[in-house]
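# All I have is the shape, not the residue letters:
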């Protein structure tokens, strides 16, 4: 079989003579590839992907509209994640990258039952489209936007018209909650759940992200799209970019024994540093303090991204180096204006002391970090993790790495629904990320029925039990790490 490397994706196809002015057609390539051959091409500069048994070479395709997230599926089948993230008709852009066909018989890890299962969930997606579940209610989102702005105006009024410290602390906590709710709105707009035109969603995302929260839209999209594509996956190698950035939390937190040991390769002696050993041993106790400070880290990464001062990951660095910011002026202006209004508010419009202003800001910031991370931490933390090269199919990957959140322990379902901003249906959202949140409850019933029919289990827990599960998981990883360390280095 032909095993040529194209270098930059699409160059061979582009050089082919186009037919009818519509670009190269699939019939002009007759190469056949085995699954084993596809799996060799897993890095951004040598990336092959499969869609409906067609093989595409997207090596160095840094102009991909969705950014560097495409490289998370290098050397793998992207049929279902492509459908999850793209509008109908988007596949036409892939023609120029086509290099041949996959030999179906070479895919030995899928039997007839698995193929039937995959057809089943693709049919379910088609059914949901026919039901209109991907159409948004503009009235609903107008209400959510208005409600959020009312929260913001209330925090401002509590500072402007009161001299009470208790009222100011309440304002700071409400500001933290406002930022959390802005996160869910930006999330919906940037997943393109609301508008058919992506530019409208991007601009709304810059408003709710950069301006109101101080988070760079491009930083968030790179990180979050990568997470959606490969939730709870470890990178297959040090140079590949096929892992989940959301679990890239070493050396502070480790979600598996493999991850806990991952920093050994960075040291000449191949051993864990004293800092790593200390943090992993006590990570269950550090979990909530780390969440409190999470927003400070996100603000820092966002500022660096918007002003070209650095990147939060190798994948993000590659995207910034090859593409730069998609909306450089809007992002910079949004971040600057965000800090302008935050400084004015935190200083009590110039009446607070420096210490009091810092107290207000840190209360709001730490509160937001806790409110945000508590929700999305419950969504995935403590669930299954996989190596990128042994990931299951799209549906099982999304379901087994994800946890839904229900009411319970005194928290009514309506409160959970509001607090989590649609992410209480985390399983359903991961399966259909472009579905507006107001359609998730009805979709959930169909997904639950489908999972029951095919014997696929999905997990649900309330806020309290879910948090206990996360802490127990961290503790278990610590125990495994300590036990393995003593076994491997008994003399230490």
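Structure's in. What do you need? Here the structure is a predicted model, which is why all the values come from computation and not from measurement.

# which element is residue 183 on?
Taking DSSP states H and E as the criterion, residue 183 maps to helix 165-190.

# And that helix, what does it pack against?
helix 138-160, helix 198-206, helix 212-213, helix 217-229, helix 354-380 (3 or more CB pairs under 8 Å, 6 or more residues apart in numbering; DSSP states H and E). (Each C-beta comes from the backbone N, C-alpha and C, glycine too.)

# highest average neighbour count across the ones you listed?
Comparing these by mean neighbour count (mean count of other CB atoms under 10 Å), helix 212-213 ranks first with a mean of 26.

# And it, what does it pack against?
helix 165-190.

# Rounded mean pLDDT for the helix it packs on, please.
Per-residue pLDDT over helix 165-190 has a mean of 97.

# Check which residues of that helix are buried.
Buried residues in helix 165-190, counted by 16 or more other CB atoms under 10 Å: 168-190.

# by how many degrees do that helix and helix 217-229 diverge?
70 degrees (axes from the mean of the first three to the mean of the last three CA atoms, to 10 degrees).

# what's the angle between helix 165-190 and helix 354-380?
Using the same axes, to 10 degrees: helix 165-190 against helix 354-380 is 40 degrees.

# what angle do helix 165-190 and helix 198-206 make?
Using the same axes, to 10 degrees: helix 165-190 against helix 198-206 is 160 degrees.

# can you tell which of the helices and strands packed on helix 165-190 is closest to residue 272?
Among the helices and strands packed on helix 165-190, helix 354-380 comes nearest to residue 272, with 24.5 Å by CB to CB.

# just checking, what packs against the closest one?
When contacts are defined as 3+ CB pairs under 8 Å, 6+ apart, helix 354-380 packs onto helix 165-190, helix 283-292, helix 294-306, helix 328-346, strand 403-406, helix 413-420, helix 426-431, helix 463-488.

# Centre of the chain to that helix, how far?
The chain centre lies 20 Å from the centre of helix 354-380; the measure is CA atoms, centre = their mean, to the nearest Å.

# Would you format the helices and strands packed on helix 354-380 as TSV with distance to residue 389 included?
Converted to TSV, the helices and strands packed on helix 354-380 look like this (distance: least, CB to CB, whole Å):
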stretch	distance to residue 389
helix 165-190	29
helix 283-292	26
helix 294-306	28
helix 328-346	35
strand 403-406	24
helix 413-420	33
helix 426-431	21
helix 463-488	21
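
# low pLDDT regions in this protein?
Counting by pLDDT under 70, the chain shows low-confidence ranges at 1-30, 236-242, 485-492.

# that older thread, looking at the helices and strands packed on helix 354-380, which one is packed in the most?
By mean count of other CB under 10 Å, those have helix 426-431 as the most buried, with a mean of 25.

# Quick one: end-to-end distance for stretch 337-356.
End-to-end distance of stretch 337-356 (CA to CA, to the nearest Å): 22 Å.

# Touching that stretch from outside, list them.
Contacts with stretch 337-356, where a contact means CB atoms under 8 Å, 6 or more residues apart in numbering, come from 155-156, 159-160, 168, 175, 210-214, 357-358, 360-361, 364.

# next one: stretch 214-222
With contact meaning CB under 8 Å, 6+ apart, stretch 214-222 is reached by 66-69, 183, 186, 190, 202, 205-206, 209-210, 245, 298-299, 301-303, 305-306, 312-313, 315-316, 319, 325-327, 331, 334-335, 338-339, 342.

# mind running it again at 6 Å?
Outside stretch 214-222, the residues that touch it by CB atoms under 6 Å, 6 or more residues apart in numbering are 67, 190, 205-206, 209-210, 298-299, 301-302, 305-306, 316, 319, 325-326, 331, 338.

# what does stretch 161-178 give?
With contact meaning CB under 6 Å, 6+ apart, stretch 161-178 is reached by 151, 152, 155, 158, 159, 360, 363, 364, 367, 368, 371.

# Just flag the most distant two among those.
Within the contacts of stretch 161-178, 159 and 371 form the most distant pair, 19.5 Å apart (CB to CB).

# Neighbours of residue 89, how many?
Neighbourhood size, residue 89 [other CB atoms under 10 Å]: 7.

# Let me see the backbone angles for it.
Backbone torsions of residue 89, given as degrees, to the nearest 10, read phi 100, psi -10.

# re the thing from before, angle of the helix holding residue 183 against helix 413-420?
Going by the same axes, to 10 degrees, helix 165-190 makes 80 degrees with helix 413-420.

# Quick one: distance of helix 165-190 to the chain centre.
21 Å.

# and if you look at stretch 281-290?
22 Å.

# and which of the contacts of stretch 337-356 is nearest to residue 90?
Using CB to CB, residue 210 comes nearest to residue 90 of the contacts of stretch 337-356, at 26.1 Å.

# Spatially nearest residue to the closest one, not counting backbone neighbours?
Excluding the flanking residues, the one nearest residue 210 by CB to CB, 6 or more residues apart in numbering is residue 334, at 2.8 Å.

# okay but the one you found is in contact with residue 213, surely?
No: assessed by CB atoms under 6 Å, residue 334 is found out of contact with residue 213, at 9.4 Å.

# Roughly how far does residue 435 sit from residue 181?
19 Å (CB to CB, to the nearest Å).

# Other residues contacting stretch 124-140?
193, 194, 435, 436, 438, 439, 443, 450.

# again with stretch 276-288
So stretch 276-288 is in contact with 251, 252, 253, 254, 260, 263, 471, 474, 475, 478, 481, going by CB under 6 Å, 6+ apart.

# now the residues you listed as TSV including distance to residue 96?
Compiled in TSV, those are given as follows (distance: CB to CB, whole Å):
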residue	distance to residue 96
251	42
252	42
253	42
254	41
260	43
263	41
471	49
474	46
475	51
478	49
481	47
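
# quick check, nearest of the residues you listed to residue 293?
Each of the contacts of stretch 276-288 was scored against residue 293 by CB to CB, and residue 252 proved nearest at 10.0 Å.

# count of residues packed around that closest one?
Per other CB under 10 Å, the neighbour tally for residue 252 reads 15.

# And for the one 3 residues further on?
Here the neighbour count serves as a burial measure; for residue 255 (other CB under 10 Å) it reads 26.

# Am I right that it sits in a strand?
No: under DSSP: H, G, I helix; E, B strand; the rest coil, residue 255 falls outside any strand and is assigned coil.

# Against residue 105, how distant is the closest residue to it other than its chain neighbours?
Computed as CB to CB, 6+ apart, the closest residue to residue 255 that is not its neighbour in sequence is residue 247, at 5.1 Å. Distance of residue 247 to residue 105, given as CB to CB: 35 Å.

# Same drill for these two, tell me which one is more crowded.
residue 247 (22 against 8).

# wait, which of the helices and strands packed on helix 354-380 is closest to residue 457?
helix 426-431 (10.6 Å).

# what packs against the closest one?
helix 394-400, helix 440-454 (3 or more CB pairs under 6 Å, 6 or more residues apart in numbering; DSSP states H and E).

# try it again with 10 Å
Contact partners of helix 426-431 among helices and strands, from 3 or more CB pairs under 10 Å, 6 or more residues apart in numbering; DSSP states H and E: helix 79-85, helix 112-130, helix 217-229, helix 354-380, helix 394-400, strand 403-406, helix 440-454, strand 459-462.
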